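Participant: Sequence and predicted structure below; questions after.
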Amino acid sequence: MISASPLSKRVDTVRRMEEGGAAAVVLYSLFEEQITHESHALDYYLTRGTDSYAESLSYFPDLEHYNVGPHEYLEHVRKVKNAVDIPVIGSLNGVSSGGWVEYAHMIEQAGADALELNIYYLPTDPFLSSAELEEVYLTLLRDVRAQVRLPIALKLSPFFSALPYMARRFVDAGANGLVLFNRFYQPDFDLEHLEVVPSLELSSSADLRLPLRWIAMLYGRIAADFALTSGVHTGQDVLKAMMAGANVAMVASELLARGLPRIGQILNEMTGWMEEREYESVEQMRGSMSQHAVAEPAAFERANYMRALTSYDRQAMLV
């Protein structure tokens, strides 16, 4: 599946994705800021703490310039849906629960087959507790769920202190699937101009390990579908995702770096591996390397942690 990226901004590009073998596409995100940056709820989260750090207001983009028009997004959903046969998934990106969630229903009316809800919020307020923030997430999910009948895939951060517990609560609140994980892009410092600058680096296959680990732990324990995103670059990456228990593997960075022909090449890499080992379907391998059969997955993870560290003992002796 093609994850949300600028690649989906052109209808002809999405058509080429389908022709290349993509099973589905998540359209680029419609941001809350693009819909209503004047809402009081959003202003509360964006400006929280800025009384002490007035210069932080300059970190945010010029929203009047940034707003590309939510109605154009809805029209794009309609055009893409009419142009391809594969599932088309809309994407909403936000942090607060306000009038903008009504666009979830509009995306459904525009013809989307499902909705990816991307909650991107990095807490910086020392007085905001984890319990409060978790309730914000749950409230937002419930509000969106009340607007649509579409399947909802919730794109999560890995930074919950008790991720399995929250995953279960999200499913209870209406999520049909969980997308692991959202990538938090780290800013850099420009020492020449003394500015904080945005920095975007594409993923690599090494980034696969974090979502791979958590999907392997959650598979069979949480009643939801799983999508693995971040680090999918090769056919082997997709196969690992399936063996962990994912229903889909999502790719974007590889296509941005090497072009749309990589879709077919990745599928060929998968097929070659499976034929060589006499697999007849992906379903045969799904969850085969998960921890579903392990009575104490936490103890299993602890044992692997110890093995990883002790594997360097011999090398350390030679230094």
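Facilitator: Perfect, thanks for sending it.
Participant: So residue 18 versus residue 208, what's the distance?
Facilitator: Note on residue 18: its distance to residue 208, by CB to CB, to the nearest Å, is 25 Å. C-beta here means a position set from N, CA and C on the backbone, and glycine is covered the same way.
Participant: Looking at these two, which one has more neighbours?
Facilitator: Neighbours were counted for residue 18 and for residue 208 using other CB atoms under 10 Å; residue 208 has more, 24 against 19.
Participant: Tell me if residue 23 really is in a strand.
Facilitator: No - assigned with DSSP: H, G, I helix; E, B strand; the rest coil, residue 23 falls outside any strand and is coil.
Participant: per-residue pLDDT, it?
Facilitator: With respect to pLDDT, residue 23 scores 97.
Participant: Just to check, it is in contact with residue 86?
Facilitator: Yes - the criterion here is CB atoms under 8 Å, and residue 23 meets it with residue 86 at 6.3 Å.
Participant: more crowded one of those two?
Facilitator: Taking other CB under 10 Å, residue 23 and residue 86 do not tie; residue 86 has more neighbours (19 against 14).
Participant: At which residues are the strands of the stretch 101-250 of the chain located?
Facilitator: Here the stretch 101-250 of the chain has its strands, by DSSP state E, counting those that start in this stretch, at 114-119, 152-156, 177-180, 188-190, 195-197, 225-228, 248-249.
Participant: for those, which one sits closest to residue 137?
Facilitator: Distance to residue 137, taken as CB to CB, is lowest for strand 114-119 among those, at 5.6 Å.
Participant: what angle sits between that closest one and strand 152-156?
Facilitator: Counting by axes from the mean of the first three to the mean of the last three CA atoms, to 10 degrees, strand 114-119 lies at 30 degrees to strand 152-156.
Participant: Residue 219 against residue 242, yeah?
Facilitator: No - using CB under 8 Å, residue 219 makes no contact with residue 242, being 10.5 Å away.
Participant: quick one: common contacting residues for the two?
Facilitator: Among the neighbours of residue 219, none is also in contact with residue 242 (CB atoms under 8 Å, 6 or more residues apart in numbering).
Participant: What are the boundaries of the helices in the stretch 51-200 of the chain?
Facilitator: Here the stretch 51-200 of the chain has its helices, by DSSP state H, counting those that start in this stretch, at 63-66, 70-83, 102-109, 130-147, 163-172.
Participant: Pick the most buried one from those.
Facilitator: Of the helices of the stretch 51-200 of the chain, the one with the most neighbours on average (mean count of other CB atoms under 10 Å) is helix 102-109, at a mean of 19.
Participant: what's it in contact with?
Facilitator: Here helix 102-109 makes contact (CB under 8 Å, 6+ apart) with 30, 35, 70, 73-74, 77, 90, 92, 115, 117, 144, 147-150.
Participant: Any idea how many residues pack against the nearest residue to residue 184 once chain neighbours are set aside?
Facilitator: Spatial nearest neighbour of residue 184, excluding adjacent residues (CB to CB, 6 or more residues apart in numbering): residue 122 at 6.3 Å. Neighbours of residue 122 under the rule other CB under 10 Å: 8.
Participant: any idea how far residue 153 is from residue 122?
Facilitator: Distance of residue 122 to residue 153, computed by CB to CB: 21 Å.
Participant: got the CA coordinates for stretch 148-160 in CSV?
Facilitator: Taking Å, rounded to 0.1, in the frame of the first residue of the first chain, the C-alpha atoms of stretch 148-160 are listed here in CSV:
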residue,chain,number,x,y,z
VAL,A,148,-18.4,8.3,9.6
ARG,A,149,-19.2,4.7,8.9
LEU,A,150,-15.9,4.3,7.0
PRO,A,151,-13.2,2.0,8.4
ILE,A,152,-10.8,4.2,10.5
ALA,A,153,-7.1,3.5,10.7
LEU,A,154,-5.4,5.4,13.5
LYS,A,155,-1.8,6.3,12.8
LEU,A,156,0.1,6.1,16.2
SER,A,157,3.2,7.4,17.7
PRO,A,158,5.5,4.9,19.5
PHE,A,159,5.8,7.1,22.5
PHE,A,160,3.1,5.8,24.8
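Participant: how far is it from where the chain is centred?
Facilitator: Mean-position distance between stretch 148-160 and its chain equals 8 Å (CA atoms, centre = their mean, to the nearest Å).
Participant: what residues does it touch?
Facilitator: With CB under 8 Å, 6+ apart as the test, stretch 148-160 has contacts from 89, 104-105, 107-108, 112-120, 130, 134, 141, 144-145, 163, 166-167, 170, 174-182, 184, 210-211, 214, 225, 227, 229.
Participant: Could you give the average pLDDT over that stretch?
Facilitator: pLDDT averaged over stretch 148-160 gives 94.
Participant: Spatially nearest residue to residue 166, not counting backbone neighbours?
Facilitator: Nearest non-adjacent residue to residue 166, counting by CB to CB, 6+ apart: residue 160, 4.7 Å away.
Participant: roughly how far apart are that neighbour and residue 139?
Facilitator: With distances taken as CB to CB, residue 160 is found 16 Å from residue 139.
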